[in-house]
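> Sharing a model prediction with you, sequence too.
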Amino acid sequence: MGSDILSWLFVVSAIVLEIVGTTCTKLSEGLTRVGPSVLMLACYCGSCTLIALAVKRLEISIVYAVWCGLGITAITVVGIVIFDESSSPLKLIGIALIIAGTVILELLPFIDFSISKLDAQL
């Protein structure tokens, strides 16, 4: 159990590094600014390393969905708030669907949808 908590801390830390790295991608102005470019590379390397450590104990399909889903959601908020990007209703609906999908994937281990159980109910 303790190592699962540590693995989820790796995932959360990887998401934070991904958000910082992606923000630095924008700030690097096409890799023309050294500081943000170096920080971007360091954050992406750290993020991928932490994901690699997390999937030693957790299912890769769940980890990857959470990493991507929460990363996309967070960077969309960063884009809207910090970089004054558009926030159309369709963009917000899309983000809501990503969050819903991530939550569903997180809940799957707790729900038994086995075929034998469904057959027994019919």
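Sure thing, it's come through. Residues are numbered from 1 along each chain as shown.

> Quick check, central residue of this structure?
Geometric centre of the chain, nearest residue: Trp67, 2.3 Å, by Cα atoms, centre = their mean.

> gap between it and Leu105?
From Trp67 across to Leu105, the span is 11 Å (Cβ to Cβ, to the nearest Å). C-betas here are computed from N, CA, C, even on glycine.

> again, but for Gly71
Noted for Gly71: a distance of 14 Å to Leu105, by Cβ to Cβ.

> of the two, who's got more company?
Gly71 (20 against 17; other Cβ atoms under 10 Å).

> element containing the more buried one, please.
Assigned by DSSP states H and E, Gly71 belongs to helix 60-81.

> Burial check on Ile62, number of neighbours?
When neighbours are defined as other Cβ under 10 Å, Ile62 has 17 of them.

> just checking, it touches Leu105?
Yes: contact between Ile62 and Leu105 holds when scored by Cβ atoms under 8 Å: they sit 5.6 Å apart.

> how about the helices in the chain?
All helices of the chain, identified by DSSP state H, fall at 2-27, 34-54, 60-81, 89-107, 115-121.
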